[in-house]
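# Any chance you could fold what I've pasted below:
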Amino acid sequence: MGELRFTGRPAAPGLGIGTLLRLADRPGRRRPSGDATGEAAALRGAIDAAIAHIRGLIASAQGDAAEILGFQVAMLEDPALSESAFAAIAEGTSADQAWHDALEAEIAGYEAGGDEYLAARAGDLRDIRDAVLAALSGAAQDGTPPGAILLAEDLTPSRFLSVDWARGGAIALVRGSPTAHVAMLARARGVPMVVGLGELPLMEGASALVDGDGGTLVIAPEAATRAAFEARAAGREAARQAAAPFRLRPAVTADGTPVKVLVNVGDPNEMDGLDSAICDGVGLVRTEFLFHGGGALPDEETQYRAYRRILHWAAGRPVVLRTLDAGGDKPIPGLTIAGETNPFLGVRGIRLSLARPEVFRVQLRAMARVAAEGPVRVMLPMVAAPAEIAAAAALLDAEVAALRRAGVACARPPLGMMVEIPAAALGAPRFPVDFYSIGSNDLTQYAMAAARDIEAVAALNDPAHPAILELIARTVAAGRERGVEVSLCGDAAGDAALVPALLATGLRALSMHPKAVAEVKQAIAAQSLPAAP
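Purely as a prediction, here's the structure:
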């Protein structure tokens, strides 16, 4: 039999070579007790065990992973999720069947509306479903050999996080979505992933190639196919090695124009083992990591210690703390508003903070305290109107004054804004802020009316579109006119291929994932641009 080639959709770039490992679609069944009281107790115990298992993963997770798992814990702790399962148990259904049926009904509801965003989030429900079923059956939830090509109907975030991806491997899914949480995790960790491959033969142990760039899977590749694939992989590695020396160098164009290269931080744990000398500072701290623990909202001291840790890591370099950017695709149980028909255009970002001043004030106090210890700046997300800046500034000033009256060391940090709404980019000169930071992800999706998590319109969601570059250029011009800095901190900042277009807009500060620093600096060094006028 010759090689078998299947085409799906790319979900995470990269090339993977390994041995196929087929994952079971459902954990093994258990023998029911036949007693409704005992079955209900078993389900309660399994839910508690699943929560404990996921909390264990959160303890070692970072950034988006911690947020995803924290939301899963909150869902498991919501009694509404298990209500129908316990009702079925009372009618004589076994615990595992009752839980499976209840979660399948929830999953079907998410997938029935034709909304790709909700359908992608159904993967989290499958994760919850399988975590509880595994606890009921006593099945192990890890043990995947390193370097394997995982072949499955779908893959849950917790299963992904239980694998040691440092030793290679890739993912090939029968179904799945490029916008699912597990795809986000795969992209962040450089794990090649292909989804939507359709029915695949059961060839456990066969060699396979996963092309996360083109969206293909090759099973039992012929020698020539494998050799060509390995040559591509070697070329990628050579390019990575060629960029490596730029990691610790200052970012300067070929004609001597300096460019600030900053890093984004989604969780303080991401900085472990990372040399702050690779960057000119932290251009974005996503403070949402503090709000996804599944328990109470973080108090002032907890936030202060987390921000202080990041400031100390930066070793005198500036740190930009973004206030809570919840809502849209980042719900927080008990804080964000449930049931909004279009949460991306609802109460999110600064709108939510101003609507919940008792939460916002705590965060501002913690930020003002850490600002007394180094160059900290505060950034407001999802700003649409100058009045929002004025309202936030008034709250910040009030909290700084209160801290000073109480004799608590603090400083009034510079206040800036995210430019991620076209109205903010077009009207940037009217916003009385100390700096601008362009969020290319949201700016692109709002300007193009094309959600970044819907595959059918993905081609429209292009940060290199002339309209997006013009909005960026107008913001840069506004910053130059007002004498304040403008940076860009969306995904586009970490795309080396976009460096020429971004520098041409006048941008001289880019903030990105630390993994992108070397290649972006290399791309900057290849450009010849005059200094910004």
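
# Between its first and last residues, what's the separation in stretch 342-351?
14 Å (C-alpha to C-alpha, to the nearest Å).

# How about stretch 346-355?
For stretch 346-355, by C-alpha to C-alpha, the gap between its terminal residues amounts to 12 Å.

# residues in contact with that stretch?
Residues from elsewhere that reach stretch 346-355 (C-beta atoms under 8 Å, 6 or more residues apart in numbering): 323-328, 330, 335-337, 340, 359-360, 363, 380-383, 388, 391-392, 418. Placement of C-beta: from N, CA and C, glycine included.

# how about 7 Å then?
The contact list for stretch 346-355 (C-beta atoms under 7 Å, 6 or more residues apart in numbering) reads 323-328, 336-337, 340, 360, 380-383, 388, 391-392.

# Just those residues: which are in strands?
If you go by DSSP state E, those have Leu380 in strands.

# Can I get the buried part of the contacts of stretch 346-355 as one PyMOL selection?
Buried residues among those (16 or more other C-beta atoms under 10 Å), as a PyMOL selection:
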select buried, resi 323+324+325+326+327+328+336+360+380+381+382+383+388+391+392
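
# pLDDT below threshold where in the stretch 401-533 of the chain?
Within the stretch 401-533 of the chain, the ranges that satisfy pLDDT under 70 run 452-455, 458, 530-533.

# Tell me which of the contacts of stretch 346-355 fall in helices.
Those of these mapping onto helices are 360, 388, 391-392, per DSSP state H.

# May I ask you to confirm that Val259 is in contact with Ile524?
Yes: with contacts defined as C-beta atoms under 7 Å, Val259 counts as touching Ile524 at a distance of 5.1 Å.

# who has more neighbours, these two?
Taking other C-beta atoms under 10 Å, Val259 and Ile524 do not tie; Ile524 has more neighbours (27 against 23).

# List the contacts of the lengthiest helix in the chain.
The longest helix of the chain (DSSP H) is helix 36-60. Residues from elsewhere that reach helix 36-60 (C-beta under 7 Å, 6+ apart): 32-33, 66, 69-70, 72-73, 76-77, 82, 85-86, 89-90, 92, 94-95, 99, 131-132, 135-136, 141, 158, 161.

# What are the buried residues along it?
By 16+ other C-beta under 10 Å, the buried positions in helix 36-60 come out as 36, 39-40, 42-43, 46-47, 49-51, 53-55, 57-58.

# go on, stretch 252-271?
Buried, per 16+ other C-beta under 10 Å, within stretch 252-271: 253, 257, 259-268, 270-271.

# Nearest to Gly494 among the residues you listed?
Of all those, Asn264 has the smallest distance to Gly494: 8.3 Å, by C-beta to C-beta.

# now that closest one, nearest residue through space, not along the chain?
Leu284 (4.4 Å; C-beta to C-beta, 6 or more residues apart in numbering).

# Could I get the full set of strands for the stretch 1-150 of the chain?
In the stretch 1-150 of the chain, the strands defined using DSSP state E, counting those that start in this stretch lie at 4-7, 9-12, 15-22, 149-152.

# Could you write out the alpha-carbon coordinates of the third one in CSV?
Looking back up the chat, that one is strand 15-22. C-alpha atoms of strand 15-22 as CSV (Å, rounded to 0.1, in the frame of the first residue of the first chain):
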residue,chain,number,x,y,z
LEU,A,15,6.1,20.5,10.3
GLY,A,16,5.7,17.3,12.4
ILE,A,17,7.2,13.9,11.8
GLY,A,18,6.3,11.0,14.1
THR,A,19,4.3,7.9,14.8
LEU,A,20,0.5,7.9,14.8
LEU,A,21,-1.2,7.5,18.2
ARG,A,22,-5.0,7.2,18.0
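
# which residues of the stretch 151-300 of the chain fall in strands?
Counting by DSSP E, counting those that start in this stretch, the strands of the stretch 151-300 of the chain are 170-173, 193-195, 207-211, 216-219, 260-265, 282-286.

# Please enumerate the strands of the stretch 401-533 of the chain.
Going by DSSP E, counting those that start in this stretch, the stretch 401-533 of the chain shows strands at 415-419, 435-438, 485-488, 509-512.

# Can you say which of the ones you listed is nearest to Pro500?
Closest approach to Pro500 among these (C-beta to C-beta): strand 509-512, 12.4 Å.

# which helices and strands does that closest one pack with?
Strand 509-512 sits against strand 260-265, strand 485-488, with contacts defined as 3 or more C-beta pairs under 7 Å, 6 or more residues apart in numbering; DSSP states H and E.

# Can you list the neighbours in contact with that strand?
Contacts of strand 509-512 (C-beta under 7 Å, 6+ apart): 259-264, 283-284, 485-489, 493-494, 502, 520.

# Stretch 185-205 too?
Outside stretch 185-205, the residues touching it (C-beta under 7 Å, 6+ apart) are 4, 6, 8-16, 19-20, 22, 63-65, 151, 157, 160, 165, 169-178, 183, 210, 212, 215-217, 219.

# Can you say which of those are buried?
Buried members of the contacts of stretch 185-205, scored by 16+ other C-beta under 10 Å, are 6, 8-16, 20, 22, 63-65, 151, 157, 160, 165, 169-178, 183, 210, 212, 215-217, 219.
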